[in-house]
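> what shape does this take:
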Amino acid sequence: MDNNEQTQQHTTPNKNAPKKKPSEAINVDSSLIRSAPLSSTFEGSALNNLSSLGVQLFNPDDLDRGVMKQVEEAIAKKQQNEFLVKLRKVRDEMGSLQDYLTKVLEPQLTMPKLATQKDRERNDQLKLEKGIKTRRLNELKQQEKSLLSEITKITLEIEDIEAKNEEEGEKRNTIVGEWIWGRKRRENV
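Down below sits the predicted model:
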């Protein structure tokens, strides 16, 4: 084996290797995370320079908590969307089955009884097919019920996360307001 063959052999991708899914980015909104005033750490020109650049100062615990809340909410919303897509597919299939049962099978089964053996066999096949389609329809109804339960659960989780974020935002505004008010009092004295 020459060098060229060895190079080709080592660069051929493994067809059995699992394919990586592209990762999805989550944008973190730093305005939803409690920040500390820059003046608590910096003074003078450093404070002015950092303020003019829009730099924010975060407590590591608040930053971690704020990022995790946003990640949890993004994951929950993604799961909710996935369940909604599945629910839409289940309902589409249910509609198709229901249409098939009512518009195709039922009319054929309600035809007057015909005397030939071939007609009776065809009628038996239609009854069997109706039973299969009806069982599938019942399975889909159970899937729909399960999906609706999951969607409700996730929706409640999202609402809980959003409520906590609003509560955190109100606390943040109160803390910043108290800090500004306290600073103005000290400057006026």
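
> looking at this protein, which helix is longest?
Using DSSP state H to define each element, the chain has its longest helix at helix 117-188.

> list the helices and strands the helix or strand that contains residue 84 packs on?
Residue 84 is part of helix 60-100 when elements are defined by DSSP states H and E. In this structure, helix 60-100 makes packing contacts with helix 117-188, judged by 3 or more C-beta pairs under 8 Å, 6 or more residues apart in numbering; DSSP states H and E. Every C-beta, even on glycine, is put in place using the N, C-alpha and C of the backbone.

> and the helix it packs on, what does it pack onto?
Packing partners of helix 117-188 (3+ C-beta pairs under 8 Å, 6+ apart): helix 60-100, helix 106-109.

> lowest-confidence stretch among those helices?
The minimum mean pLDDT among these belongs to helix 106-109 (a mean of 80).

> check the offset of that helix from the chain's centre.
For helix 106-109, the distance from its own C-alpha centre to the chain's C-alpha centre is 43 Å (C-alpha atoms, centre = their mean, to the nearest Å).

> and what of stretch 145-163?
Between the centre of stretch 145-163 and the centre of its chain there are 11 Å (C-alpha atoms, centre = their mean).
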